[in-house]
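*Asks:* give the three-dimensional model of this entry:
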Amino acid sequence: MTTPYRPKVAMLLYPGLTLLDLVAPHAAFAHTTETHLVWKTTDPVRSDSDVAVHPTTAFADCPPDLDVLFVPGGLHQAATAADEEVLEFLADRGARARYVTSVCGGSLILGAAGLLRGYRATTHWSGIDVLALFDAEYAEGRVVVDRNRITGGGVTAGLDFALVVLAQLMGEDVAKLTQLMLEYAPAPPFDAGTPETAGPELTDMARAGNKAVNDEMAAVAEKLASKGWGRAA
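*Replies:* Below is the predicted model:
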């Protein structure tokens with residue numbers, strides 16, 4: 001009896017990633033794919049909430065041909081976006097991956113590697129202006145699909161994103177069954193999940209909280225452009 005093919009998924013880890021950006025998609029992928037948590041080494045990596053995540057695969061051992069290359073966002077994403085070893089890994093695997101994907105600020109790291117030039121994409125609402133610095137076109141939506149680029153919005157969009165990816169990889173029945181097993185039927189206690197519903201006062205507070213992260217990413221975009229990364233020179 002032939003063993004069913006399990007799509008190969010590589011999920012980038014890095015110091016300071018946002019845990020839910022990673023864990024939500026991982027929960028959806030884990031039982032139907034061959035999932036690799038990838039970093040430079042297999043030493044533990046601390047998230048921006050100080051939870052340690054253990055890579056399963058080093059860059060050098062990551063399968064060369066992937067079905068899905070995935071990047072999460074994080075409060076310390078600028079340092080990763082400026083790391084040319086990371087960018088080289090992403091550019092190499094991304095050139096052959098069936099799907100190149102991200103959640104939240106992970107799209108900015110993909111952009112730094114030159115993988116979103118000329119593509120429509122989304123990111124966390126506070127990072128929309130930075131996304132344009134990498135020659136990507138912002139598109140509104142919790143999940144945006146443009147050819148083989150699939151990007152999710154901020155943090156909790158990771159589950160929506162993963163179900164869209166599963167449907168592309170394995171069909172809607174697998175995605176729907178996964179949604180059912182995760183009992184993903186969101187009914188939030190407050191209607192404050194977007195700037196439009198949260199209102200200007202809360203939105204300004206949240207934007208101020210993310211300003212440093214976005215300023216760092218904008219500075220990285222400028223530096224990378226001079227080196228041939230990110231946007232076209």
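*Asks:* show me the shaky parts of the chain.
*Replies:* In the predicted model, the chain carries pLDDT under 70 at residues 1-2, 232-233.
*Asks:* need the longest helix for the chain.
*Replies:* Identified as the longest helix of the chain according to DSSP state H is helix 200-225.
*Asks:* mind listing what's buried in that one?
*Replies:* Neighbour counts using 16 or more other C-beta atoms under 10 Å place 203, 206, 210, 213, 214, 216, 217, 220, 221, 224, 225 of helix 200-225 among the buried residues. All C-beta atoms are positioned from the backbone trio N, CA, C, and that covers glycine.
*Asks:* does the last one touch residue 219 like I think?
*Replies:* Read that as residue 225. No - at 11.1 Å, residue 225 does not count as touching residue 219 under the criterion of C-beta atoms under 8 Å.
*Asks:* what's the local residue count around residue 70?
*Replies:* When neighbours are defined as other C-beta atoms under 10 Å, residue 70 has 31 of them.
*Asks:* is it true that it touches residue 102?
*Replies:* Yes - using C-beta under 8 Å, residue 70 makes contact with residue 102 at a distance of 6.7 Å.
*Asks:* in what helix or strand does residue 49 lie?
*Replies:* Following DSSP states H and E, one finds residue 49 outside all helices and strands.
*Asks:* hmm, who's touching stretch 159-174?
*Replies:* For stretch 159-174, contacts defined as C-beta atoms under 8 Å, 6 or more residues apart in numbering pick out 7, 24-25, 27-29, 32-33, 67-68, 99, 101, 103, 142-143, 145, 150-152, 175, 178-179, 182, 184.
*Asks:* looking at these, which are in strands?
*Replies:* Members of the contacts of stretch 159-174 lying in strands (criterion: DSSP state E): 68, 99, 101, 103, 143, 145, 150, 151, 152.
*Asks:* just give me the closest of those to residue 128.
*Replies:* Minimum distance to residue 128 across these is 12.0 Å, recorded for residue 151 (C-beta to C-beta).
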